[in-house]
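Asks: A predicted structure for the sequence below; I have some questions about it.
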Amino acid sequence: MIDINKDALTERFMRYVRVDTQSDPNSNSFPTTEKQKDLSKILFAELKQMGLSELEADEFGYVYASIPSNSDKKNIPVICFCSHVDTAPDCSGTHVKPILHKNYDGADIVLPDDATQVLRKADSPYLENHIGADIITASGNTLLGADDKSGVAVIMQAAQYFMSNPSVKHGKIRIVFTPDEEVGKGTAKIDMKKLGADFGYTLDGGEAGSMEDETFSADGANIIIHGVIAHPGYAKDKLVNAIKIAAEVLEALPKNEWSPETTEKRQGFVHPVAITGIAEKATISFIVRDFTTEGLAVHHARLKKIAEQVVSKYKGTTMEYVQQEQYRNMKEVLDKNPQVAAYASEAIERAGLKVQNESIRGGTDGSRLSYMGLPCPNIFTGMQNIHSKLEWISVNDMAKAAETIVHLGMIWEEKTSL
Ligand SMILES: [Zn+2]
């Protein structure tokens, strides 16, 4: 029985969310906001106090720490737990005032600082599972920051558990807290060599029991159209306007399928995100998404053909089709290391939960880490309504996530032969 101290976990979480760590997509510095380090410093000090080793808080805002192995087995893989300290730029993270609703009674919760912000079971059916439990909300003016301070608090509480329960056997465990995940730069300055882990888990997911081991594969594509230019006063039968051809290419895209606004679940899409140009030359930029690399190739071929059909109608014009790789479905890496997700499923079950495997229609730090050599699925913490003033989380879910981490440490030790 893994007995996570829920009071300590609650206190820890409520303290971390009060620290303003919002990241900034328009900043070129690293971290994008200096204030993210305010939390990094607190975490460093607390890990030190708990007695962790190989501690470092670096200039970029990353915090690294180790829990040494306490097992006689020599070849247990080093596993790593990761979460991000920053909160989303979409919603204020200044003066967060977390409210603990003990023994939640199922009624609507009107947030005190803005009465128009009401958390209702009708809109958030997952609340139903938490009647009688303790939940935490913000106060109405800000997000809560459970994304991802729940991950931070859960990893810290699990570290405390390992340090105070030496009879629980595990291999070497690495911890890393990252800045700037919400602005897509969470792994930009991570030092994989210093991290020195074989496999990892991000704690950055929703409902209790959920595990995300699959993400989109992502490419960009530019269609560059070269028109034929002439003086507009003497252009009859000569000029071909590249901007007009670009508009025609966009018009030729299907209306009822193959776009973000018409697809869901495992369907891929192409999505124009920018158009720039002059009469002589125009560029349409797309993002292309699918769950497989082969699927991406099919989308590219189809998009290129549509554009070529339009452009070929105009004499003297040419087009280029340029594709860029952005990130890949982590499943391609995880399938080569099936024990990583399998042990996570087993840990979730040992914590008494039903595993829900989910795929993300997007990318995560875990998908980047997976391709940087650290196969890394994402595990739940319980966070709900993220990036909004109605964000909330259940203390029970966070405790289950901490329990899952402890089981993972034990499972990796058990499954390794002497
Ligand atoms: Zn997150």
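Replies: Looks like it arrived, so ask away.
Asks: which stretches of this structure form helices?
Replies: Assigned by DSSP state H, the helices in the chain fall at 6-17, 36-50, 146-164, 192-195, 242-251, 293-311, 331-334, 338-350, 365-371, 395-414.
Asks: Pull out the buried residues from the fourth one.
Replies: In other words, helix 192-195. With burial defined by 16 or more other C-beta atoms under 10 Å, the residues of helix 192-195 counted as buried are Leu195. Just so you know, the C-beta spots here come from the backbone N, C-alpha and C atoms, and that holds for glycine as well.
Asks: so how far is that helix off the chain centroid?
Replies: 20 Å (C-alpha atoms, centre = their mean, to the nearest Å).
Asks: which residues are contacting that helix?
Replies: Glu56, Tyr64, Cys80, Arg174, Val176, Met372, Gly373, Leu374 (C-beta atoms under 8 Å, 6 or more residues apart in numbering).
Asks: so which pair among the residues you listed is furthest apart in space?
Replies: The most widely separated members of the contacts of helix 192-195 are Glu56 and Gly373, with 19.8 Å between them, by C-beta to C-beta.
Asks: What does the closest residue to Pro166 other than its chain neighbours show for phi and psi?
Replies: Excluding its sequence neighbours, the residue lying closest to Pro166 (C-beta to C-beta, 6 or more residues apart in numbering) is Asn70, at 5.8 Å. Backbone torsions for Asn70, taken as degrees, to the nearest 10, come to phi -120, psi 20.
Asks: my guess is Asn70 contacts Ile173, does it?
Replies: No - Asn70 lies out of contact with Ile173 (C-beta atoms under 8 Å); the separation is 10.1 Å.
Asks: okay, these two: which has more neighbours?
Replies: Each of Asn70 and Ile173 has its neighbours counted (other C-beta atoms under 10 Å); Ile173 has more, 25 against 16.
Asks: what sits against that one?
Replies: Ile173 touches Ser66, Ile67, Val78, Ile79, Cys80, Phe81, Ala159, Phe162, Gly409, counting by C-beta under 8 Å, 6+ apart.
Asks: Please report the number of neighbouring residues for the third one.
Replies: Here the neighbour count serves as a burial measure; for Val78 (other C-beta under 10 Å) it reads 17.
Asks: quick one: it and Gly196, what's the gap?
Replies: 6 Å (C-beta to C-beta, to the nearest Å).
Asks: Need the residues touching each of these two.
Replies: Arg174.
Asks: pLDDT value on Leu111, please?
Replies: Note on Leu111: pLDDT of 97.
Asks: and the residue nearest to it when sequence neighbours are not counted, how many neighbours does it have?
Replies: Distances taken as C-beta to C-beta, 6+ apart place Gly140 nearest to Leu111, at 3.4 Å, with adjacent residues excluded. Neighbour count for Gly140, taken as other C-beta under 10 Å: 18.
Asks: For Gly140, grab phi and psi.
Replies: The phi/psi pair for Gly140 (degrees, to the nearest 10) reads phi 120, psi -30.
Asks: Flag every residue of the stretch 151-300 of the chain that's near the ion.
Replies: Asp204 (C-beta under 5 Å from the ion).
Asks: what's the spacing between the residue nearest to Leu111 and the ion?
Replies: According to C-beta to the ion, to the nearest Å, Gly140 stands 22 Å off from the ion.
Asks: wait, what's in contact with that residue?
Replies: Applying C-beta under 8 Å, 6+ apart, we find Gly140 in contact with Leu111, Pro112, Asp113, Asp114, Ala115, Gln117, Lys389.
Asks: Near the ion, list only the ones from these.
Replies: Under the cut-off given by C-beta under 5 Å from the ion, the ion has nothing from these close to it.
Asks: residues in contact with the residue nearest to Pro166?
Replies: Pro166, Lys169, His170.
Asks: Neighbour-wise, which one of the residues you listed leads?
Replies: Neighbour counts for the contacts of Asn70, by other C-beta under 10 Å, peak at His170, which reaches 23 neighbours.
Asks: Could I get the contacting residues of that residue?
Replies: His170 makes contact with Ile67, Ser69, Asn70, Ser71, Ile76, Phe162, Gly409, Met410, Trp412, Glu413, according to C-beta under 8 Å, 6+ apart.
Asks: mind running it again at 6 Å?
Replies: Gly409, Glu413 (C-beta atoms under 6 Å, 6 or more residues apart in numbering).
Asks: Please apply the same query to Asp198.
Replies: By C-beta under 6 Å, 6+ apart, the contact set of Asp198 is Pro77, Val78.
Asks: again, only this time at 8 Å
Replies: Pro77, Val78, Ile79, Leu374 are the contacts of Asp198 under C-beta under 8 Å, 6+ apart.
Asks: His407 now?
Replies: Ile2, Glu346, Ala347, Arg350, Ala351.
Asks: of all the residues you listed, which two lie farthest apart?
Replies: Ile2 and Glu346, at 13.8 Å, using C-beta to C-beta across the contacts of His407.
Asks: how far away is the closest residue to Arg289 other than its chain neighbours from the ion?
Replies: Spatially, and ignoring its direct neighbours in sequence, Arg289 is nearest to Phe216 (4.7 Å; C-beta to C-beta, 6+ apart). Applying C-beta to the ion, the value for Phe216 to the ion is 16 Å.
Asks: Separate out the buried members of the contacts of helix 192-195.
Replies: Tyr64, Cys80, Arg174, Val176, Leu374.
Asks: Now for the fourth one: which residues touch it?
Replies: By C-beta under 8 Å, 6+ apart, the contact list for Val176 reads Tyr62, Val63, Tyr64, Ala65, Cys80, Phe81, Cys82, Ile190, Leu195.
Asks: Fine by me, we can end here.
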